[in-house]
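J.: A predicted structure for the sequence below; I have some questions about it.
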Amino acid sequence: MATKSIRAEYIKGLWDENPVFRQLLGLCPTLAVTGTVITGIAMGLATAFVLILSSLVVASIKKLIPAQVRIASYIVVIASFVTIADQVLKAYFYPISEALGPYVPLIVVNCIILGRQEAFSSKNSVGRSFIDALGMSSGFILALLVLSSIREILGAGTFLGYEIMGSWFKPWIIMILPAGAFITLGILLGIALFIERKTKRSE
Amino acid sequence: MELVAIFISAVLIQNFVLYYFLGICPFLGVSKKIDSAVSMGLAVTFVMTITAVVSWLINNLILIPHDLGYLQIVSFILVIASLVQLVEMFIRKISPPLYQALGIYLPLITTNCAIMGLALIAALNEYSFVETVIFGFGSGIGFTLAIVLMAGIREQLDLADVPESLKGAGIALIVAGIMALAFNGFIGMLT
Amino acid sequence: MSLSARMILVLTLVGLISGGFLAGVAKLTKERIALNVQAEIEEAIDEVVDDAEVDMLVYEEEDFVIYKELDDEGRLAGLAIQATGVGFQDKITLMFGLDASLEEITGLTIIDQSETPGLGAKIEDWEDFLQFWENRDARGLLTLRKPPVKTIGELLPTEINTITAATISSKKVLEIVNLSLERLKELIKQEKISVDVEEEDGN
């Protein structure tokens, strides 16, 4: 693992180990906030903030923490950064924080974050943990962006709030309902697996 | 009347899985067999009800009076993590049969976002103590309903000819979507 | 140092550092967050009452708040009423304005709602619904106009418009307003609030 190049360490988060499409982690926020692109991106950035900073802290203090209390310590570190993200959003990006509702505090239980601390940051150097967190965050943002773009374009005929589908288009309301989130993600997972199998076979 | 409304809403309308998208991991992971889905549902309902009580007490007796709202996330998550362990030890001592039924599911619940979501949403809605308990219990029942229905459908799906790439999580999510659509029919039943 | 002592020490330290850190962040953001909440209310008031310069909170219940609005010369500009009631899916919080005579509704805006996206949620931005709340007769009870009309002129002064495909949500908004008007009249009758309509006009 340690022999991986920095680039490979980053790239793996985008596809091979993409948290949403490949590892099925962090599905709750992925489904919940992707009704519009703007909330999807905001959620992605907030999660990236928490993941990257938590990874840096955990990788720096890993030697000081006894194994028995490591999970509890990681949780406190993560929860602290989530609180900071929550308050900064409330103070400086109030409308977005209102739109995201309880899903900002819920970043604390996003399995991607605790998962990366346990699987990676607690075993690797600060630098590598940073690259890994950056890659996973990018992969997560990518997944949110794909899902929210599909849902907003088909569900409202807009992208980032701008009308793009023309007046002939009748929005598919189902896409912005919870049902649309489930079905779109289900189909995307199928497509991801299909591509994966195709590329595996040709190798 | 208000309490009945909160209960029905938590079970059918603002269902934790199908409306709030909370608890998706166990919803997809433990919904292959009806038996295990029922056990998981009961374990979650049990922990949710207790969490509702404890988180309400912490929020209203400690955090709000001392203006410590900024510690809400940290304290809720720590309390939930230790609570699940306590409940596990307690059940093992008091009722071995119940432990056998719920046992392996309890540790899985710690990272279940539905529990944390319950504590946060109840605090956000500023429910009273009784309302919080009803909300916690109702949300647990709602989760159980969703996961058991899902398991029932998935047992049948095993016999269906699903495209290879959609097998597993893909088709489960699509089925969940259709269920969410069906649950939309309950919206407005309180009005 | 024994293991358990180290465990306790580490956990305490992690807790203290994060607690202190969060207290600092909370101190920095608290004021701004309060201002944001305040600004949201003020913005809603400005939307529904003309020439509102000074907002005075005169009555407050959990689901029913009345602000007395004065213009820049200190005369009564109207009342702004914030009310919460049950919608189609969840609670709806709205703000509506009354003119200084308390006989006409001057406007309505939705502060918070979680109606079905794409359908009931239109109460928040459907212009033919929101703008047609201007100059409604507030002396009696309002009724819903079905089917919807295209211009405000087609409505009677006691009617409000319906949103296509969201009749129930429209009706819920109407019910909240009607109930609020009754509560206001009752409060004035019991002299729990004083509006001083004539006095202010006379000065």
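T.: Thanks, I have it.
J.: Setting aside sequence neighbours, what's the nearest residue to B:K32?
T.: B:R154 (5.8 Å; C-beta to C-beta, 6 or more residues apart in numbering or on different chains). Any C-beta I mention is one placed from the backbone N, CA and C, and that applies to glycine too.
J.: So for that neighbour, what pLDDT did the model give?
T.: Turning to B:R154, the model gives it a pLDDT of 90.
J.: Would you mind writing the CA trace of the helix or strand hosting B:L118 as PDB?
T.: In the assignment (DSSP states H and E), B:L118 maps to helix B:113-124. The C-alpha coordinates for helix B:113-124 follow below in PDB (Å, rounded to 0.1, in the frame of the first residue of the first chain):
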ATOM      1  CA  CYS B 113     -27.300   7.500  11.200                       C
ATOM      2  CA  ALA B 114     -31.000   7.000  12.000                       C
ATOM      3  CA  ILE B 115     -30.300   7.100  15.700                       C
ATOM      4  CA  MET B 116     -28.200  10.300  15.600                       C
ATOM      5  CA  GLY B 117     -30.800  11.700  13.100                       C
ATOM      6  CA  LEU B 118     -33.600  11.000  15.600                       C
ATOM      7  CA  ALA B 119     -31.800  12.900  18.400                       C
ATOM      8  CA  LEU B 120     -31.100  15.900  16.100                       C
ATOM      9  CA  ILE B 121     -34.500  16.100  14.500                       C
ATOM     10  CA  ALA B 122     -36.300  15.800  17.800                       C
ATOM     11  CA  ALA B 123     -34.200  18.600  19.100                       C
ATOM     12  CA  LEU B 124     -34.700  20.700  16.000                       C
END
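J.: What residues of the helix or strand just after that helix count as buried?
T.: Moving toward the C-terminus from helix B:113-124, the next helix or strand (DSSP H and E) is helix B:129-157. For helix B:129-157, a neighbour-count test (16 or more other C-beta atoms under 10 Å in any protein chain shown) marks B:131-151, B:153-154, B:157 as buried.
J.: and after helix B:129-157, which helix or strand comes next?
T.: Per DSSP H and E, the helix or strand that comes after helix B:129-157 is helix B:169-183.
J.: Could you check that next one against chain A for contacts?
T.: Yes: using C-beta under 8 Å from any C-beta of the partner chain, we find that helix B:169-183 touches chain A at B:A169, B:G170, B:I171, B:A172, B:L173, B:I174, B:V175, B:A176, B:G177, B:I178, B:A180, B:L181.
J.: What is the neighbour count of residue 50?
T.: Because you didn't say which chain, this covers chain A. 28 (other C-beta atoms under 10 Å in any protein chain shown).
J.: meant chain C, my bad for not saying
T.: Neighbour number of C:D50 under other C-beta under 10 Å is 15.
J.: Equivalent analysis for the one 5 residues further on, please.
T.: When counting by other C-beta under 10 Å, one arrives at 17 neighbours for C:D55.
J.: Buried by neighbour count: which residues of whichever strand or helix holds C:L130 qualify?
T.: Element membership for C:L130 (DSSP H and E) is helix C:127-130. Judged by neighbour count (16+ other C-beta under 10 Å), helix C:127-130 contains these buried residues: C:D128, C:F129, C:L130.
J.: ok so, going back, between the residues of helix B:169-183 next to chain A, which has the most around it?
T.: B:A176 leads the residues of helix B:169-183 next to chain A on contacts (other C-beta under 10 Å) with 29 neighbours.
J.: and the nearest residue to that residue once chain neighbours are set aside, what does it touch?
T.: Leaving aside its chain neighbours, B:A176 sits nearest to A:F182 (4.4 Å; criterion: C-beta to C-beta, 6+ apart). For A:F182, the contact set (C-beta atoms under 8 Å, 6 or more residues apart in numbering or on different chains) comprises A:L31, B:L173, B:I174, B:A176, B:G177, B:A180.
J.: distance of the first one from chain C?
T.: Same thing as A:L31. 14 Å (C-beta to the nearest C-beta, to the nearest Å).
J.: go on, the third one?
T.: Spatial separation of B:I174 from chain C under the definition C-beta to the nearest C-beta is 20 Å.
J.: Show the model's pLDDT score for that residue.
T.: So B:I174 comes in at 94 (pLDDT).
J.: Confirm for me that it is in contact with B:L166.
T.: Yes: B:I174 lies in contact with B:L166 (C-beta atoms under 8 Å); the separation is 7.3 Å.
J.: what do these two both touch?
T.: A:G186, A:I187.
J.: re the thing from before, mind checking what helix or strand follows the helix holding C:L130 in sequence?
T.: strand C:136-137.
J.: The helix or strand just after that following strand pairs with which strands, parallel or anti?
T.: Where DSSP H and E defines the elements, the next helix or strand beyond strand C:136-137 is strand C:143-145. Paired neighbours of strand C:143-145 in the sheet (DSSP bridges): strand C:159-161 (parallel).
J.: Next, report how far the partner strand is displaced from the centre of its chain.
T.: Relative to its parent chain, strand C:159-161 has a centroid offset of 19 Å by C-alpha atoms, centre = their mean, to the nearest Å.
J.: same thing with stretch B:72-91?
T.: With C-alpha atoms, centre = their mean, you get 15 Å for stretch B:72-91.
J.: What lies in contact with it?
T.: With C-beta under 8 Å, 6+ apart, stretch B:72-91 has contacts from A:71-72, A:75-76, A:79-80, A:82-83, A:86, A:105, A:108-109, B:46-47, B:50-51, B:54-55, B:58-59, B:62-63, B:98-99, B:102-103, B:106-107, B:109-110, B:115-116, B:119-120, B:123, C:18-19, C:22.
J.: Filter those down to just the ones in helices.
T.: Using DSSP state H, A:71-72, A:75-76, A:79-80, A:82-83, A:86, B:46-47, B:50-51, B:54-55, B:98-99, B:102, B:106-107, B:109, B:115-116, B:119-120, B:123, C:18-19, C:22 are the members of these that sit in helices.
J.: Make a ChimeraX selection of the buried ones in the residues you listed.
T.: In ChimeraX syntax, the buried subset of the ones in helices among the contacts of stretch B:72-91 is picked out as below (16+ other C-beta under 10 Å):
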select /A:71,72,75,76,79,80,82,83,86 /B:46,47,50,51,54,55,99,102,106,109,115,116,119,120,123 /C:18,19,22
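J.: Would you mind writing the CA trace of stretch B:72-87 as CSV?
T.: The C-alpha trace of stretch B:72-87 is given here as CSV (Å, rounded to 0.1, in the frame of the first residue of the first chain):
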residue,chain,number,x,y,z
GLN,B,72,-24.9,19.3,21.0
ILE,B,73,-23.3,17.2,18.2
VAL,B,74,-20.4,16.0,20.2
SER,B,75,-22.5,15.1,23.3
PHE,B,76,-25.2,13.4,21.2
ILE,B,77,-22.8,11.2,19.3
LEU,B,78,-20.8,10.2,22.4
VAL,B,79,-24.0,9.4,24.4
ILE,B,80,-25.4,7.3,21.6
ALA,B,81,-22.2,5.4,21.2
SER,B,82,-22.0,4.6,24.9
LEU,B,83,-25.7,4.0,25.2
VAL,B,84,-25.7,1.3,22.6
GLN,B,85,-22.9,-0.5,24.5
LEU,B,86,-24.8,-0.1,27.8
VAL,B,87,-28.0,-1.4,26.3
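J.: mind saving the C-alpha coords of the strand or helix carrying A:A91 as PDB?
T.: Per DSSP H and E, A:A91 falls inside helix A:70-92. The C-alpha coordinates for helix A:70-92 follow below in PDB (Å, rounded to 0.1, in the frame of the first residue of the first chain):
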ATOM      1  CA  ARG A  70      -9.200   5.400  19.400                       C
ATOM      2  CA  ILE A  71     -12.700   5.200  18.000                       C
ATOM      3  CA  ALA A  72     -14.000   7.500  20.800                       C
ATOM      4  CA  SER A  73     -11.200  10.000  20.200                       C
ATOM      5  CA  TYR A  74     -11.800   9.900  16.400                       C
ATOM      6  CA  ILE A  75     -15.500  10.500  17.000                       C
ATOM      7  CA  VAL A  76     -14.800  13.600  19.200                       C
ATOM      8  CA  VAL A  77     -12.400  15.000  16.600                       C
ATOM      9  CA  ILE A  78     -14.900  14.400  13.800                       C
ATOM     10  CA  ALA A  79     -17.900  15.800  15.800                       C
ATOM     11  CA  SER A  80     -15.800  18.900  16.600                       C
ATOM     12  CA  PHE A  81     -15.100  19.700  12.900                       C
ATOM     13  CA  VAL A  82     -18.800  19.000  12.100                       C
ATOM     14  CA  THR A  83     -19.900  21.500  14.700                       C
ATOM     15  CA  ILE A  84     -17.500  24.100  13.200                       C
ATOM     16  CA  ALA A  85     -18.800  23.400   9.700                       C
ATOM     17  CA  ASP A  86     -22.400  23.700  11.000                       C
ATOM     18  CA  GLN A  87     -21.800  27.000  12.800                       C
ATOM     19  CA  VAL A  88     -19.800  28.600  10.000                       C
ATOM     20  CA  LEU A  89     -22.600  27.600   7.500                       C
ATOM     21  CA  LYS A  90     -25.200  29.100   9.800                       C
ATOM     22  CA  ALA A  91     -23.300  32.300  10.300                       C
ATOM     23  CA  TYR A  92     -22.100  33.000   6.800                       C
END
